[in-house]
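[1] Need coordinates for the below:
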Amino acid sequence: MSLFNVFKISSSAMTAQSIRLNTVASNIANVDSTTTANGSPYRSKQVVFQATPLYEKDESSQGVKVTQIVESAAPYRMNFDPYNPLADEKGYVRMPNVDPVEEMVNMISASRSYQSNVEVMNTARQMLMRTLQIGTGQ
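    Now for the predicted structure:
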């Protein structure tokens, strides 16, 4: 495998993790959004990754891509607030199915994965620079 493939693999992973971080940020921002454009509470979204070959005829070098962003099927949280105008006849308000703790774990995981791929790219760059220096006698 060429060192240049390392850059492509790491950049595909960084792009995927960036999308994951944006999705987590959206989930956290909407943790209390009781009404969306369609009238229902916000639904948590999750990113689906897939390994993908970098080149059509070479499956040995695989990167990653986001295939879809899906809405969680978890039930809405029910919050007792009888004075809320959105409350049902029993006094419960449907709240988004966003779990802030789970989202924080996803955020830390995505951030660390992104950082790891930055380090991979930096290491590959250093290796290429050292390879170039071999010919100069330094």
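[2] helix/strand/coil for Ala74?
    What DSSP: H, G, I helix; E, B strand; the rest coil gives for Ala74 is coil.
[3] swap that for Val93, please
    Going by three-state DSSP: Val93 is strand.
[4] Now do the helices in the chain.
    3-29, 100-134 (DSSP state H).
[5] count of neighbours near Met107?
    17 (other C-beta atoms under 10 Å). Glycine gets a C-beta too; all of them are placed from N, C-alpha and C.
[6] so it touches Val24, yeah?
    Yes: counting by C-beta atoms under 8 Å, Met107 does reach Val24; the two are 4.7 Å apart.
[7] Pretty sure Ser44 sits against Asn106.
    No: counting by C-beta under 8 Å, Ser44 sits too far from Asn106 to count as a contact (10.0 Å).
[8] Among these two, which residue is more densely surrounded?
    More neighbours sit around Ser44 than around the other of Ser44 and Asn106, counting by other C-beta under 10 Å; the figures are 22 against 19.
[9] List the contacts of that one.
    By C-beta atoms under 8 Å, 6 or more residues apart in numbering, the contact set of Ser44 is Asn27, Glu71, Ser72, Ala74, Pro96, Asn97, Val98, Asp99, Glu103.
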